[in-house]
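>>> coords please:
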Amino acid sequence: MKNLIQAVLGVMLALTLIGCQDGELSLPNPLAVTNESIGNYCGMVLTEHAGPKAQVFEKHHSSPLWFSSVKDAIVYLTLPGEAQDAVVTYVHDMAKAESWENPQNDGIWIDVRDAYFVIGSQKLGGMGMPEFAPFSVAEKAAEFAKEHGGKVVRLSQITNADLALVDPAPEMHSHN
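Here you go, the predicted model:
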């Protein structure tokens, strides 16, 4: 069975090519996170959450869908019927971020397809859940993984098992 991530990448590439006119890409530029940037799933203000963020642009929309978590954006891109109009997804480049707590700097966005992700680290992202930390430079991702745990992968290497939501503190929900 074809990996779901690879299928999503294929759709995004096809949509990108459809958006080409006269050989030039007409992709929207990433926007800065502001106090008006509201998470697509959580409905909360992104600036109130630690960790990297993501923005997904879809055909015929000038404003992106915001995500308080990079992992949530990648999940969105893989869900059937959700992201069929996605043309580009930008994620924070944590190699250039001010800090994990406040990565909202302008100009640190990279295309999700160009990122090196650290998955399985001890760092939690938006909403206090496990996060995929994106980096533009493989060496920076490796340094992060060495310090915080996890492994470095590319988008096409992320599996459905990696996308599964994992409760970081299941003991809090146990019934005695």
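>>> Compute the distance between the residue nearest the centre of the chain and H61, please.
Nearest residue to the geometric centre of the chain (Cα atoms, centre = their mean): V70, 2.6 Å. With distances taken as Cβ to Cβ, to the nearest Å, V70 is found 20 Å from H61. Heads up, the C-betas are built off the backbone N, CA and C, glycines and all.
>>> and if you look at M94?
26 Å.
>>> Partner strands of the strand ranked longest in the chain, with direction?
For the chain, the strand with the greatest residue count under DSSP state E is strand 86-92. Partners of strand 86-92 in the sheet, by DSSP bridges, are strand 54-58 (antiparallel), strand 109-111 (antiparallel).
>>> chain center to that strand: distance?
Taking Cα atoms, centre = their mean, to the nearest Å, one finds strand 86-92 lying 8 Å from the centre of the chain it belongs to.
>>> now do stretch 62-69
10 Å.
>>> same deal with stretch 108-128?
Worked out by Cα atoms, centre = their mean, stretch 108-128 lies 6 Å from the chain centre.
>>> Please point out which parts of that stretch sit buried.
108-112, 115-121, 123-127 (16 or more other Cβ atoms under 10 Å).
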